[in-house]
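In: pasted the sequence and its predicted model underneath.
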Amino acid sequence: MESQPRIGVYICHCGFNIAGTVDVDQVTEYASQLPGVAVARHYTYMCSEPGQNLIKQDCEEQQLKQVVVASCSPRMHEPTFRKAAQAGGVNPGRVEMANIREQCSWVHKESHDATEKAKALVASAVAKATYLEALEEREVDVTPGVVIIGGGISGLVAALDVADAGYPVYIVEKSDHLGGRVADLNRTFPELEPVSDWLPSVVERVQSHPNIAVFLNARVEKVDGYVGNFRVQVSGRPVPFSVGAMIVATGYNVFDPKRKPEFGYGRYPQVMTTLEMERKLAEGDLTVNGKTPKDIVFVKCVGSRDVQVGNPYCSRVCCMVSAKQARLLKEQLPDSRVTVFYVDVRTFGKRGEEFYDEARNAGVLYRRGSVAEIYRKGDRVVARVEDTFLRRTLEHEADLVVLAVGMEAREDVTDIAELLKLPRSADGFFLEAHPKLRPVDTAMDGVFLAGCCQGPKDIPDAIAQAKAAASSSLIPLIRGKVPVESATAVSDPELCAACGMCVDVCPFGAPSIDPVWNVSVVNAVLCKGCGTCAAICPSKAIRLQHFTPEQILAQVDALVW
Amino acid sequence: MGDLPTSSPDPLARASKPAAVVIGAGIAGIQAALDIADAGFPVYLVEREPSVGGRMSQLDKTFPTLDCSACILTPKMVTAGQHPNINLMTYSEVARVEGEAGAFRVTVRKKPRYVDEDKCRGCGDCAAACRMTGRIPDTFNQGLGKRAAVYVPFPQAVPLIYTVDPEACLYLTRGVCGKTFKCKDACAAGAINFDQKEQLVELDVATIVVATGFDLMEPRQKPEFGYGVYPQVLTGLEFERLSSASGPTMGEISISGKKPKDVVFIHCVGSRDPHTGVPYCSRVCCMYTAKHAHLVRDKLPEANITSFYMDVRAFGKGYEEFYDRVKHERILYRRGEPSEVYRRGDRLVVRAEDTLLRKSIEVEADMIVLATAVVPRTDVAQTAELLGLERSPDGFFKEAHPKLRPIESNRPGIFLAGCCQGPKDIPDTVAQAKAAASSAMVTLSQVSRSRAA
Amino acid sequence: MQVDTLELSEKFNLYGCIQCGKCAGGCPVSMKTALDVRFLIYEALVGVLPDPAHMEELWDCTCCFTCVERCPKDVKPAELIIGLRSLLVESGTIPKTVTDALQGIFRQGNPLGFAREQRADWANGLDIKAAQEGCELLYFVGCTPAYDLRLQPVAKSLAKTFQKAGLDFGTLGIEETCCGNEVRRVGEQGLFEMLVEDGKPLIESTGAKRMVTTSPHCMNTFKKEYGLSGIEVIHYTQLVAQLLEEKKIQFSNKVERKVTYHDPCFLGKQNHIFDEPRAILQAIPGVKFVEMDRIRERSVCCEGGGGRMWVEGTNIQERLAFQRVQEAVETGAEVLAVACPFCLLTLEDAVKVKGLEDKLRVMDIMELVNLAL
């Protein structure tokens, strides 16, 4: 603890997000009276340049030693304010934030209560600030190289960018071929060129690239290390790969239409999925049950936009896939009647709407209504559906029913998810660090996402995202260094009894018992600062920097008193 | 071009490291620049407005998370402004591009702000004192607000440096400003300088990223909706400004002080419509209209809110769930594309066929928001010519291969990022910007290696 | 009659509806009546719902809940119909046959017009324990099996089976009152709540750990709508299948018949019990089991539920039950097995009307079990 704290307190309005509910004048006035506070101000947007300059200038001119910013969640701007303080000569470890937005103004409507709470939160942060210590900023060297899990189109494209930039890439693919699900497709929308026109050249480029090594029939078994220094154990390889970054491109699962028994998939040979139809189109065999279909029906949103099967999300590509196949079928079987039953037509992509127009002009009939049931009538099937424009329920007879099945998160990647500690969104796909501004980063530094494992998408979007993941990987590789967490746990050798509890509980393998000194030593680079070891240590030998007992108790005291 | 090629010293001149130019500093340009700069390469980020931020800085909240746009954008803006590897060139335009991949020469015209960048502290006293204060339509606020002739586009601008609008300033347009320059008198830092001239800077770069963004269709192209005739008819972007805390009404949703009771949203105004020359889908409107409906519900709990649509395109991650949520907020989605808006007394009437009801209906409204089509920038033809870029039939810049090479342009070494290649939302824009950065980094790495060799 | 559509929209969560039409598309009566539940939802949402008093088709709904089971946005369309029926009940504009049935339930505890005191007559000579004295298994007989002569053999068969299996079971005797499943579904919420208020403590006081019903309708409401605690509610097919598996009962006689099975809506669609009835039938020696096409989740409603035992409906010409028995005949089956009293009555009626008595017999599973035991 500093002998004489000199704390600068900054209350942010965040426009009306905070100031609309919390009386920022009152809070600032209150803050200025708190012990240790040298200056207290409020401003509309602390994260803006003038806001940050306020901090920087006060740090310099007022010789501040600690900084408290009462604003949004630290997840938004902690790095911003740490940098601002640092620019003014204050160690970034001596910056504390009070969340008076997500934890105050955004959840409480009553202004008086919100203001009182904001005051309490500020007092708590100020109390902690008096005990804050300097933190050391660390950088580690980066081992050049990237492991890419998954050899589908996303994995391939990411690999090419990293390799072209001059770095080694290791692709780990669990099947026996590259190309993933795209390899199973016939022609792709909207250009309708055959996949065989372009995919083989991509695969070939990858296979012949001097910087890329491909491992088929292989799985990632173990991952140790941290960003810049991952050690990846791959099945069948005696030596783990040492790389600086990892890209997860494990793709998706196809929804099993048996989970919608009302469609009769598996009972009627006339009912198939879009993927099965894709094979038929590729093979050129459009007969069903030995006959050329006269009446074809497309059922959309099978397994998507459906809370009954636990998939409330949209699978993004099925509207275009249906339009594509419907159009191809109509063109190849001009005497057939092709009907697409829909609720919304989501042909949003580049040339997507035009493609939808062309499908209809080619004679594909779009009728609005969601098919409720499929049953048999003689040797045909019947789709029972209400045409919502006609306001009439129909029994639409057909010889072929194509189910536009949606995408789901893969189940067989729980091992990857666990190995890499990747969280998932509510829809089951991997969760990105920020849905808008960090679409390929994950909570694990150095691990990036590409393609459908992060969410359903079409090929151009998957490729763009794969390149984005490549970019994120290249940054540490090209720079050669990467910063690591500074608020880590530290063990006091005088107090440590080497009981080993810290070693047992750490999810990151950071503490270990030193064989010579027989005390716990925490690897500051592996440590993510979660605090579990500090909580469990019976001797209180481990302290988590930036969350020491003195600091936390000071916070509690300030709240209670 | 002018005959005053006063080129300024290049602060990033490093013989060993090749550099990139990013044209446009909206979220796409900023993200691309940050990635390239983080990798250690010098980047020139050229932006023709006085501040970086682009369209995203005009937004209130963003779908589907309802993050406040400024909150998530400003850290990136500030980082870009302070990054040791980024040379921010705001209020500047690219004048010429020569050369080829690995060795481009880009000439940038730095327009005069008439404000000394080193002296200005962003205090705003000049704007307050300006004779024209409150009289100039504010383009950032889509013309809904007024500002002075000297201005910053919005409070969180980066850089926070005032700029004199050469088309609004009395002195610059008419040669005289009363007896004395009010702005100069007010400025304690002595930053106003009417002697500034435009500068031309020549940059040697290995690669170029184009992130010039989009415009919205002029709504008068669909005159049946009464835009420009009825003040209660707004575009989506105008609504964003109304809803923004930093907007002309400080976030209050009202027209001329009156809060609406009945609000109607109309999808697909101009999009999916061969008549307007926009046969394509603008991709973002379904979602931002849902967001707007939510914002209205948030601020006007008793309002009747109706959204007219043809298809609801809630396709992205979390989008369908957001759409569900919005409907549960008592926002009525009615299927049918309205054909007309007309007046009845002091209210407006929206005429449409409700295709599910199978009936023609009239819905009264006192505020109507049009989801106008996303179109290429009005000067896209000039930009295309300047950069030697081809355009797709929809008018946006053309990618080298629609599937395999979505960010490469027809010109090697020049990459596309963001809406200049086609309408897209923020997550897709950021991904694409990073994709462009990746391609740029490949080129930069290769050039770097060949220089070292 | 004025309807507050705003209140309706909020109460029944109609805003979530995307008008996909899956409800109307799967509705068994949507092709033979004017009932279009999707359209009703939309009319309510946009505030143009016509006076329900003029909507005769509201009484066509069988409450099969296919719409509820399939709605991708978790709107419950059938609940809107029940809600509208409630409004009609409150205003007194309901069909007379419904009123009669409700009055019967109110007065005598059953809709069939019989006296309460006769409710246990079917069990004469069977020596069944009174559940009120305490038992492990409460057998809830139900109004139709108790009073209807055609259904009484089913109840008797069940009682005998439980006795053979040595189960500690009892019935409520003449204290047993209508479960109210149909009462709620015709919109008489007040009477339903009264039935629950009286029935719940009565059932719980028996101390039974399990309650088994003859009718899937009773099972449905006890399981989902009564809020019973400490007692597991099952249908007899679940129990009998379990007894077979545990070898507590054995089939010793052969029943040489080709049998097909009709999934009742309240057992199948709504409670996902498809396998146990089939397991029982297939365990009967001599039975050749064949399936129809529209089985399990796609079963065709017999039009017996939702008060339809009391209301003819607007279109009686093409009763779905007729179509159903025809389908059964086409499989070559001689017996159409059912597991619900309403299905039994409506399908048997259909066989008679279509003159198929010599081709097809409609029998409850327990009648077949009785032959086999």
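Out: Arrived safely, thanks for sending. Residues are numbered from 1 along each chain as shown, chains lettered A, B, ... in the order given.
In: every contact and neighbour count from this point should use C-alpha atoms.
Out: Will do.
In: list the contacts of stretch A:249-260.
Out: For stretch A:249-260, the surrounding residues in contact (Cα atoms under 8 Å, 6 or more residues apart in numbering or on different chains) are A:148-152, A:154-155, A:180, A:263-266, A:273, A:302-303, A:309, A:403, A:405-411, A:413, A:449-453, A:456.
In: within range of chain A, give me the residues from the stretch 1-150 of chain C.
Out: Counting by Cα under 8 Å from any Cα of the partner chain, the positions of the stretch 1-150 of chain C adjacent to chain A are C:18-26, C:30-31, C:36, C:39, C:69-74.
In: I'd say residue B:259 and residue B:253 touch.
Out: Yes: using Cα atoms under 8 Å, residue B:259 is in contact with residue B:253, at 6.2 Å.
In: which one's more surrounded, those two?
Out: The neighbour comparison of residue B:259 against residue B:253 (other Cα atoms under 10 Å in any protein chain shown) goes to residue B:253, with 22 against 16.
In: give me the element the more buried one is part of.
Out: Element membership for residue B:253 (DSSP states H and E) is empty, with no helix or strand holding it.
In: so what does it look like in phi/psi?
Out: Per-residue torsions, residue B:253: phi -90, psi 100 (degrees, to the nearest 10).
In: contacting residues for the residue nearest the centre of chain B?
Out: In chain B, the C-alpha nearest the mean C-alpha coordinate belongs to residue B:55, at 2.4 Å (Cα atoms, centre = their mean). For residue B:55, the contact set (Cα under 8 Å, 6+ apart) comprises residue B:26.
In: check it and give its pLDDT.
Out: Predicted confidence (pLDDT) for residue B:55: 96.
In: and the helices in chain A, which stretches?
Out: Remark: helices assigned in chain A by DSSP state H are A:24-32, A:49-61, A:74-87, A:111-129, A:153-164, A:199-208, A:274-283, A:318-332, A:352-361, A:414-419, A:459-479, A:501-505, A:532-536, A:549-560.
In: can you list contacts of the fourth one?
Out: Helix A:111-129 is contacted by residues A:7, A:9, A:21-24, A:26-27, A:30-31, A:34, A:36-37, A:66-68, A:70, A:94-100, A:104-105, A:108, A:550-552, A:554-559 when judged by Cα under 8 Å, 6+ apart.
In: hmm, try it at 7 Å
Out: Residues outside helix A:111-129 that contact it (Cα atoms under 7 Å, 6 or more residues apart in numbering or on different chains): A:21-23, A:27, A:31, A:66, A:68, A:70, A:94, A:96-98, A:100, A:104-105, A:108, A:551-552, A:554-556, A:558-559.
In: report the angle between it and helix A:549-560.
Out: Interaxial angle, helix A:111-129 versus helix A:549-560 (axes from the mean of the first three to the mean of the last three Cα atoms, to 10 degrees): 160 degrees.
In: so for helix A:111-129, mean pLDDT?
Out: Computed over helix A:111-129, the mean pLDDT rounds to 96.
In: list the buried residues in that helix.
Out: Buried residues in helix A:111-129, counted by 16 or more other Cα atoms under 10 Å in any protein chain shown: A:114-129.
In: of all the helices of chain A, which lies closest to residue C:140?
Out: Nearest to residue C:140 among these is helix A:414-419 (46.5 Å), distances taken as Cα to Cα.
In: got the CA coordinates for that closest one in CSV?
Out: Output of helix A:414-419 as CSV, limited to C-alpha atoms (Å, rounded to 0.1, in the frame of the first residue of the first chain):
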residue,chain,number,x,y,z
THR,A,414,-16.3,-31.4,-27.1
ASP,A,415,-12.8,-32.7,-26.9
ILE,A,416,-11.5,-29.7,-28.8
ALA,A,417,-13.7,-27.4,-26.8
GLU,A,418,-12.3,-28.9,-23.6
LEU,A,419,-8.7,-29.0,-24.7
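In: give me the mean pLDDT for that helix.
Out: So the average pLDDT for helix A:414-419 ends up being 80.
In: what residues of it count as buried?
Out: For helix A:414-419, burial by neighbour count (16+ other Cα under 10 Å) applies to residue A:416.
In: now do that helix: everything it contacts.
Out: Residues from elsewhere that reach helix A:414-419 (Cα under 7 Å, 6+ apart): A:222, A:223.
In: what do you get if the cut-off is 6 Å, keeping everything else the same?
Out: Residues outside helix A:414-419 that contact it (Cα atoms under 6 Å, 6 or more residues apart in numbering or on different chains): none.
In: repeat that for stretch C:237-244.
Out: The contact list for stretch C:237-244 (Cα under 6 Å, 6+ apart) reads C:249, C:276, C:277, C:280.
In: please report how far the nearest residue to residue B:107 once chain neighbours are set aside lies from chain A.
Out: Spatial nearest neighbour of residue B:107, chain neighbours left out: residue B:202 (4.5 Å); criterion: Cα to Cα, 6 or more residues apart in numbering or on different chains. Residue B:202 is 26 Å from chain A, where distance means Cα to the nearest Cα, to the nearest Å.
In: residue C:177 now?
Out: Using Cα to the nearest Cα, residue C:177 is found at 35 Å from chain A.
In: what's the neighbour count on residue B:306?
Out: Residues lying near residue B:306 (other Cα under 10 Å) number 21.
In: equivalent analysis for the one 10 residues further on, please.
Out: Here the number of neighbours of residue B:316 (other Cα under 10 Å) works out to 20.
In: now swap in the one 10 residues further on and tell me
Out: Applying the criterion other Cα under 10 Å, we find 22 residues in the vicinity of residue B:326.
In: same deal with residue B:284?
Out: 20.
In: excluding sequence neighbours, find me the nearest residue to residue C:108.
Out: Of all residues not flanking residue C:108 in the chain, residue C:116 sits nearest, at 4.9 Å (Cα to Cα, 6+ apart).
In: how many neighbouring residues does the one you found have?
Out: By the criterion of other Cα under 10 Å, residue C:116 has 19 neighbours.
In: I'd guessed it sits against residue C:110; true?
Out: No: at 7.5 Å, residue C:116 and residue C:110 do not qualify as touching, with contact defined as Cα atoms under 6 Å.
In: wait, what's in contact with the closest residue to chain A within the stretch 101-250 of chain B?
Out: Nearest residue of the stretch 101-250 of chain B to chain A, counting by Cα to the nearest Cα: residue B:156, 5.2 Å away. Contacts for residue B:156 were tallied using Cα under 6 Å, 6+ apart; they are residue A:48.
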